[in-house]
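S.K.: compute the structure for the input listed below.
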Amino acid sequence: MKFLKGFLLDLQFFTAIPVRFALPMDKPHLKSAVQAFPLLGLLQGGIYASLIFLLLEYTPFSNLAIALLLWLMTIILTGGIHLDGWMDASDAYFSYSDQPKRLEIMKDPRTGAFGVISVIVLLSSRFLFIYEITENVQIVSYMLIAAIPFLSKSVMGVLLLTVKSAKKEGLGTLFQSAATIKVLWIYPIYIAVFLALMTLAANGFFHVSILILIAFGSLLVCSRKAVKWFGGITGDVLGAAVEGTELFLWMTVWLLHYFAMA
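M.R.: Numbers count the residues shown, from 1 in each chain. Take a look at the predicted model:
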């Protein structure tokens, strides 16, 4: 029950899915929420994969229209919470200021030019990858699409508990104060089970392994740059890490369709 409530907390915080009742915000439930991050991502990925399958199989829509609908779903389902972090972190980074000033910029509710430019680049690139994936969908493609938010949310959880906080308040600090690195023991189990299912269902061991390696590389880069650029993690930095990781994973799936699934 506690784990389920933690998962529902994730839905409340990180998606636009309505959970219209009060949930406990104590440390045990927040700890369970951190453990459920990858499952939240798997739910998102399952929705993306199901949407593209249903649209391709049961509607007369063109691939362009289907790509647009899936692209919109990646924004709507999260309520734009991670995109907000991406824009704030971009404004802060491209200010080329010192760490305290960058943290101040991320607190500013206004969006600067660099935030706008960076989100245009991010979303337009994602649309390209989604469109060309829809042009060459295979059975394994659906599994790979489901893996994208699953892995990005795993990266978010690891960053949260392995990188120091850059400030003493905020969403990131709230979750970080409730759990320790020990709760991450379940993440490798999630990944191993997902990899096994992918292998059995779609012979996708190689493809998913590539995605896992890319996600791990993103984790290493984000953990180092978060400390170097911002002095640690914040809610905005975590959101930027999720969006950046997903962008690289979408790009990887796109490239796999060209060079490993042709």
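
S.K.: let's verify Pro28: helix, strand, or coil?
M.R.: Following DSSP: H, G, I helix; E, B strand; the rest coil, the label given to Pro28 is helix.

S.K.: check contacts around it.
M.R.: Lys2, Ala178 (CB atoms under 8 Å, 6 or more residues apart in numbering). No exception for glycine: its C-beta is placed from N, CA and C like everyone else's.

S.K.: do the same with the one 5 residues further on
M.R.: By CB under 8 Å, 6+ apart, the contact set of Ala33 is Gly6, Phe7, Leu9, Asp10, Phe13, Phe175, Ala178.

S.K.: go again using 10 Å as the cut-off
M.R.: With contact set as CB atoms under 10 Å, 6 or more residues apart in numbering, Ala33 has these partners: 2-3, 5-14, 23, 25, 40, 157, 175, 178-179.

S.K.: now Pro188
M.R.: Ser154.

S.K.: repeat for Ile133
M.R.: So Ile133 contacts Ile52, Asn63, Ala67, Leu70, Ser141, Leu144, Ile145, Trp250, Val253, Trp254, Leu256, His257 (CB under 10 Å, 6+ apart).

S.K.: circling back: so how do I select the buried members of the contacts of Ala33 in ChimeraX?
M.R.: To isolate the buried members of those in ChimeraX, using 16 or more other CB atoms under 10 Å:
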select :3,6,7,8,9,10,11,13,14,23,40,157,175,178,179
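
S.K.: mind checking which of the contacts of Ala33 are in helices?
M.R.: 2-3, 5-14, 40, 157, 175 (DSSP state H).

S.K.: ok, these vs Lys31, which is closest?
M.R.: Gly6 (7.2 Å; CB to CB).

S.K.: nearest residue to the closest one in space, please, no chain neighbours.
M.R.: Take Gly6 and drop its neighbours on the chain: the residue closest to it by CB to CB, 6 or more residues apart in numbering is Ser32, 2.7 Å away.

S.K.: any idea how far the one you found lies from Pro18?
M.R.: 20 Å (CB to CB, to the nearest Å).

S.K.: who's more crowded, these two?
M.R.: Neighbours were counted for Ser32 and for Pro18 using other CB atoms under 10 Å; Ser32 has more, 22 against 8.
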